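Engineer: can't give you the sequence, but here's the structure:
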């Protein structure tokens, strides 16, 4: 069986798409190849790395990639995880099934360190739930 190719797309490929890439890779195991990219690249957010580690998933080796790098990959699924990416998503072959869920951006969280951490954890849980459901429904 061919592995499904899944792209998670966000604005800067620093938080939400990185967390989703980590969870999808974990939950999909060998059933899929997971990529993430942004319409821009902002680097992997250190809080995203820390928050995922709290849940036992290490995304520290993941890189922030620009969508242009994946222009020639024939994706089965493209998941946009923020409205901005959905609006700016470049054209992909019609074969790719497009899914969208607008997760809040934890990088925009304000307040004390604990409040910011809490926002990251909330978004992480939403993304985890979404990824579990996606794998159950599609793989």
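Structural biologist: Thanks, I have the structure now. No experiment lies behind these values; they were computed from the predicted model shown.
Engineer: residues contacting residue 44?
Structural biologist: 13, 14, 18, 59, 60, 62, 63, 64 (CB atoms under 8 Å, 6 or more residues apart in numbering). Just so you know, the C-beta spots here come from the backbone N, C-alpha and C atoms, and that holds for glycine as well.
Engineer: Report the contact partners of the residue lying closest to residue 27 once chain neighbours are set aside.
Structural biologist: In space, and not counting its chain neighbours, residue 27 is closest to residue 135: 4.4 Å by CB to CB, 6 or more residues apart in numbering. Neighbour list for residue 135: 24, 27, 28, 31 [criterion: CB under 8 Å, 6+ apart].
Engineer: Can you flag which of those residues belong to strands?
Structural biologist: Using DSSP state E, no member of these falls in strands.
Engineer: For PyMOL, what selects the buried ones among those?
Structural biologist: Selecting the buried subset of the contacts of residue 135 in PyMOL, with 16 or more other CB atoms under 10 Å as the burial test, is done by:
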select buried, resi 24+27+28
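Engineer: will you turn the contacts of residue 135 into TSV that also has pLDDT and distance to residue 116?
Structural biologist: Shown next, in TSV, are the contacts of residue 135 (pLDDT from 0 to 100; distance: CB to CB, whole Å):
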residue	pLDDT	distance to residue 116
24	98	24
27	98	26
28	98	29
31	97	34
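Engineer: ends of stretch 43-59, how far apart?
Structural biologist: Taking CA to CA, to the nearest Å as the measure, stretch 43-59 stretches 12 Å from start to finish.
Engineer: buried set for it?
Structural biologist: Buried, per 16+ other CB under 10 Å, within stretch 43-59: 44, 45, 47, 48, 49, 51, 52, 57, 59.
Engineer: Residue 113: which of those is nearest?
Structural biologist: residue 47 (9.6 Å; CB to CB).
Engineer: Excluding sequence neighbours, find me the nearest residue to the closest one.
Structural biologist: residue 120 (5.3 Å).
Engineer: Tell me how far the one you found lies from residue 38.
Structural biologist: 18 Å (CB to CB, to the nearest Å).
Engineer: now swap in residue 122 and tell me
Structural biologist: 21 Å.
Engineer: more neighbours, the two?
Structural biologist: residue 38 (25 against 15; other CB atoms under 10 Å).
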